[in-house]
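In: predicted structure and sequence below. I'll ask about it afterward.
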Amino acid sequence: MKKKEKEHLKADPFVHFMQQALAFIKGHRRPLLIGAGLAALAVLVLLAVFLFQRLSASGENRLYAEAFRVHNDAKLSLEQRITALQALQFKKGISAAGHLFLASLHYEKGDLVKAEAVLAAMPTSRLALVNDEKHALLARVLAAGGKGSESRGVLERLLANKKTAMAKELILLQLAKLHLQEKRSDEGIAALKRILAEYGETPSATEAQTLLSASEAASATAR
């Protein structure tokens, strides 16, 4: 293979693959008219789709990595990170988490209206976990804005949904904290006990036990 051809392959493997596929088809037009030829063509099409998906996933990963880097770049101010994330064009795979990074920065800044707007405008991701994280973050934003009832509703729907990919103990812990913040001690304690009963081997159980001990002690003192 000539040097220029090697460079072309390295620069754009998908284009190179399609050129090779087209060259194959042109050189085998007659055989491709029979069954075996059609089968070969089908294989070529499947390979092209497979390669395109791999390249697309690679692009998504790079975009996610850049969004993650920007979100956690301590050298940038909050406003600079927000501006940098707004300039990125997120897709519907893993890079969709970039919307969550952007919303979380608005949340950190205290701009709950913009945080909620980013989440509302965020398209559904192909990854269930990203969609669940969106709802969990929305619940935090709503709670911070004094919309406790709406926040609880979001979390309770996540818990009830059998297709939820996010760890249920994390959702329960968030719900328990919300109950306790709103002085709903009985509901908060019940949620914490559920974590210990159903998810006792998870890291969340340790935090749940600490909160439970403090909550029970506070309840006993109040009585």
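Out: Cool, the structure landed.

In: show me what the helix or strand hosting residue 99 is packed against.
Out: Element membership of residue 99 [criterion: DSSP states H and E] is helix 97-109. Helix 97-109 sits against helix 35-71, helix 78-86, helix 112-121, helix 128-144, with contacts defined as 3 or more C-beta pairs under 8 Å, 6 or more residues apart in numbering; DSSP states H and E. The way it works is simple: take the backbone N, C-alpha and C, and place the C-beta from them, glycine included.

In: ok, now which ones touch the residue nearest the centre of the chain?
Out: Centrality entry for the chain: nearest residue to the mean C-alpha point is residue 130, 2.3 Å, by C-alpha atoms, centre = their mean. For residue 130, the contacting residues are 94, 96, 97, 100, by C-beta atoms under 8 Å, 6 or more residues apart in numbering.

In: one more time with 7 Å
Out: 96, 97 (C-beta atoms under 7 Å, 6 or more residues apart in numbering).

In: give me the distance between it and residue 215.
Out: 32 Å (C-beta to C-beta, to the nearest Å).

In: ok, residue 173 touching residue 209?
Out: No - if you go by C-beta atoms under 7 Å, residue 173 and residue 209 don't touch, sitting 11.2 Å apart.

In: who has more neighbours out of these two?
Out: residue 173 (22 against 15; other C-beta atoms under 10 Å).
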